[in-house]
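1. Prediction below, plus the sequence it came from.
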Amino acid sequence: MRVIVNGDPVEIHEGATLYDLILSLAQNPEKLVSSVNDVIVRRKVYAETPVRDGDVIVLLAFVGGG
């Protein structure tokens, strides 16, 4: 199935969760804020949040610096 992640199409297997998607993109789920279809998803439910064909997902990583 295909989803849009930060404006780019991404193929992901049927039945994937948001957590699966984040790992498939080689990202650390602990360092991201995410939304699915304009709804913010709490980090503790990433593994329980299904990803569906056509979903629009935004993943943001905060970077500190000086």
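-> Cool, the structure landed. Numbering: from 1, shown residues only.
2. which stretches of this structure form helices?
-> Along the chain, counting by DSSP state H, helices occupy 18-24.
3. Rounded mean pLDDT for stretch 1-21, please.
-> Throughout stretch 1-21, pLDDT has a mean value of 97.
4. now the strands for this structure?
-> 2-5, 8-11, 32-36, 39-41, 56-61 (DSSP state E).
5. List the strands paired with the first one, with their directions.
-> Pointing back at strand 2-5 there. strand 8-11 (antiparallel), strand 56-61 (parallel) (DSSP bridges).
6. Determine how far it lies from the middle of the whole chain.
-> The chain centre lies 9 Å from the centre of strand 2-5; the measure is C-alpha atoms, centre = their mean, to the nearest Å.
7. Mind listing what's buried along that strand?
-> 3, 5 (16 or more other C-beta atoms under 10 Å). (C-beta placed from N, C-alpha, C; glycine too.)
8. Could you do the third one as well?
-> Of the residues in strand 32-36, 32, 34, 36 count as buried by neighbour count, 16+ other C-beta under 10 Å.
9. Give me the angle between it and strand 56-61.
-> 170 degrees (axes from the mean of the first three to the mean of the last three C-alpha atoms, to 10 degrees).
10. for the strands of the chain, which one sits closest to residue 48?
-> strand 39-41 (9.5 Å; C-beta to C-beta).
11. same for the closest one, what does it pack against?
-> strand 32-36 (3 or more C-beta pairs under 8 Å, 6 or more residues apart in numbering; DSSP states H and E).
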